[in-house]
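Asks: I'd like to go over a predicted model; first the sequence, then the structure.
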Amino acid sequence: MIAKLAWIQFLRQGARAWLNVAVTGLTLVTLIFMTSLLNGFQLQASKNLKSTDVGGGHYRLPDFDILSPTEWEDQTFSPPPFLKNLSDTEKAEVLVLQGQLFPNRRLYPVQLRGIDLKQKLLDLPLEPLSRQENGNEYIPVIIGTRMSERSRLQKGDSAVLRWRDRLGVIDARDAKVIEVADFLNPRVDEGVVWLSLDRLRIMTRREGEVSWVTVTHNLGSDKHLEFLEPATLMSDILNLLKQDRRNAKVLWAILLFLAGTSVYNSQILNVFKRQKEIGAMMAFGMESRTIIGLYTLEGTISGFGAIFFAFIFGVPFYYWFQSVGLDISHLSASTMPVRERIFLDFHFSEMLWITLIMLSVVIFSAWRPVQKIARLEPTVALRGKGL
Amino acid sequence: MDETVIRIENVVKTYPVGIEVFKALRGVSLEVKKGAFMSIVGPSGSGKTTLLNLIGGLDTPTEGSIFFYDKKLSHMTRKEMSAYRRDNIGFIFQSYNLLPVYTVYENVLFPLLVMGKREGDVRKSVEDMVARVGLAECANKRPNQLSGGQCQRVAIARALVKRPPIALADEPTANLDAENSRQILELMTELNREMKTVFILSTHDERVSKFVTREVKLEDGMISQDNLMDGLK
């Protein structure tokens, strides 16, 4: 009986009830959209980090620290056979050393990053370096767009490049920017001068040496080397994203609170207007808990209506969004390794949680005011002055 | 000799009004026999509605006792009081208090559903009652599509469909014109005769006097007169 009455009451509430359903449904769609967009951002950022730098992990000396440039030259090694024998698709050898660039007579400390140009593990726009590998008039280098802006070096520009070799001898030559490339990942762009691994080895007398070897996955331990998982290598960015998620959750909670308040207010108003109705039900001998059950069930139906609305409206919307994505190319100055279109990345458990929380808010908002009224004396409820 | 359905003994009802205490009833005693068709008359604030609410179990007396047959209402728990109202009382409110989202048929059906009856078992009774109050054509209409007189008929049908021992009507003609008032009162009289339901009407409408068989006058929360009347011949 209660279910049928609740259903009738819900259906015949009119515009007010449907407006409630629509607002709650839209909130649900928005919350899932926000969360999934952030997931998509994180997914794209991780993907870009992996494809441009991290790969499936790095083998390096335990004391190597990318944040301590003065120690880089002491932390190089010759890859052991288990790394050396990997194919070009399974490894990328990288040598990182300090250098100074003098663009327009300014001193610009740089990271000289030499990479094996035959490697196919990382996706880096370094193809032009292969074509100029044999020239000796200048050192062909590639820099990223951010580096280009900071150093004011354009494609075709030359600048003096100074470095120190293995024996501590300082040398300098002209370096020519043969390409300004879009690296997506700021970490391999800002302050980085890319050149061929072979050339950098020759320049620094470090034949066969690397700073790290990027691999596809953990190939086991080595007594001299340390394997760093992608999560460790990306921890700074991941922490930043985590913080972003925390901030997003605050926004998410505010939105949920606003939605809950709106639903609660409309329910209060709704029930306030229906106090006499509730009083009449009491007069007929309906027990308080039955009345509470009836109106709570009505609210629950409204919550499920909102979920249905969210499904009807949300699925086509998300489907459309996945076909166009969100263009975030304007974020080129950002420190995040994403500079393209991002798409939604749905996590079922998150969607389930959001839906359950939303449903709980709606049910609570339906239950609370009725629970208060149903505890009143029937005469007070009948006068409509209980709340 | 008809048995006593309601016995009221020295009932006092007070309400706090700010820091003052308002005495709505000051020691009312009354007996109502089976099949009675009576009115409680008096000016506004004399305690008519309060007395009806106490008889109907919507409120409890501050002092004194009310008995339904041998059961003392003030000894009942909230749940028992709900059951008392559900099984024994039919309310007809001045402002009808129809459930706006339900149709006429559903409004009349509602008290039976509260009693735990299945719609299929009582459909005929509900339809008969709706027809009895002359609203068969309006069974699928909702209250906002009805006139005041029609709403009051629905309220009567809803109160009586469960054939309660007592029907309490609070100012049943207050919002009606003369013709509708007459029709409603005639209808109540007929139903009282057919069902032997006790009708207690609170009113200050003098036209009601010629329909009832007993008239109790309340003044300042006390019974000032208790007259037997001729009723509708």
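Replies: Nice, thanks for sending it over. None of these values were measured; they are calculated from a predicted model.
Asks: what's around whichever residue of chain B sits closest to chain A, how many residues?
Replies: When scored by C-beta to the nearest C-beta, chain B has B:Arg86 as its residue closest to chain A, at 2.3 Å. In this view, the C-beta of every residue, glycine as well, is placed from N, C-alpha and C. By other C-beta atoms under 10 Å in any protein chain shown, 20 other residues sit near B:Arg86.
Asks: While we're on it, how confident is the model there?
Replies: At B:Arg86, the model reports a pLDDT of 95.
Asks: which residues touch it?
Replies: Contact analysis of B:Arg86 by C-beta atoms under 8 Å, 6 or more residues apart in numbering or on different chains lists A:284-286, B:111, B:114-115.
Asks: Same list (the residues you listed) but as JSON lines, adding distance to A:Tyr319 and secondary structure.
Replies: Supplementary listing: the contacts of B:Arg86 in JSON lines, determined by distance: C-beta to C-beta, whole Å; DSSP: H, G, I helix; E, B strand; the rest coil:
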{"residue": "A:Phe284", "distance to A:Tyr319": "49", "secondary structure": "coil"}
{"residue": "A:Gly285", "distance to A:Tyr319": "51", "secondary structure": "coil"}
{"residue": "A:Met286", "distance to A:Tyr319": "46", "secondary structure": "coil"}
{"residue": "B:Pro111", "distance to A:Tyr319": "50", "secondary structure": "helix"}
{"residue": "B:Val114", "distance to A:Tyr319": "47", "secondary structure": "helix"}
{"residue": "B:Met115", "distance to A:Tyr319": "51", "secondary structure": "coil"}
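Asks: which of those has the most neighbours?
Replies: That'd be B:Pro111 among the contacts of B:Arg86, by other C-beta under 10 Å, with 28 neighbours.
Asks: Can you give me the distance of that one to B:Arg158?
Replies: 6 Å (C-beta to C-beta, to the nearest Å).
Asks: Common neighbours of these two, please.
Replies: Joint contacts of B:Pro111 and B:Arg158 (C-beta under 8 Å, 6+ apart) are B:Gly90.
Asks: Residues touching the helix or strand that contains A:Asp198, excluding its own?
Replies: Here A:Asp198 sits within helix A:197-204, counting by DSSP states H and E. Helix A:197-204 is contacted from outside by A:73, A:93-95, A:97, A:112-117, A:133, A:139, A:163-166, A:171, A:206-210, using C-beta under 8 Å, 6+ apart.
Asks: Go through those residues and flag which are in strands.
Replies: A:93-95, A:97, A:112-115, A:139, A:163-164, A:171 (DSSP state E).
Asks: Please tell me which one of those residues counts the most neighbours.
Replies: A:Gly114 (27 neighbours).
Asks: Would you agree B:Ile66 falls within a helix?
Replies: No - applying DSSP: H, G, I helix; E, B strand; the rest coil, one finds B:Ile66 to be strand, outside a helix.
Asks: Grab the most central residue of the chain for me.
Replies: Using chain A. A:Gln42 (1.8 Å; C-alpha atoms, centre = their mean).
Asks: try chain B instead
Replies: Chain B, centroid-nearest residue using C-alpha atoms, centre = their mean: B:Leu168 at 1.1 Å.
Asks: Would you mind pulling the contact partners of the one helix or strand that residue maps to?
Replies: Applying DSSP H and E as the criterion places B:Leu168 in strand B:166-170. Contact with strand B:166-170 is made by B:5-6, B:32, B:48-49, B:52, B:55-56, B:68, B:88-94, B:156, B:159-160, B:188, B:191-192, B:197-202, as judged by C-beta under 8 Å, 6+ apart.
Asks: how about a cut-off of 6 Å?
Replies: B:49, B:52, B:56, B:88-94, B:159, B:197-202 (C-beta atoms under 6 Å, 6 or more residues apart in numbering or on different chains).
Asks: residue ranges of the strands in chain A, please?
Replies: A:58-60, A:91-102, A:108-115, A:139-144, A:158-164, A:170-181, A:192-196, A:212-215, A:226-228, A:326-327, A:341-342.
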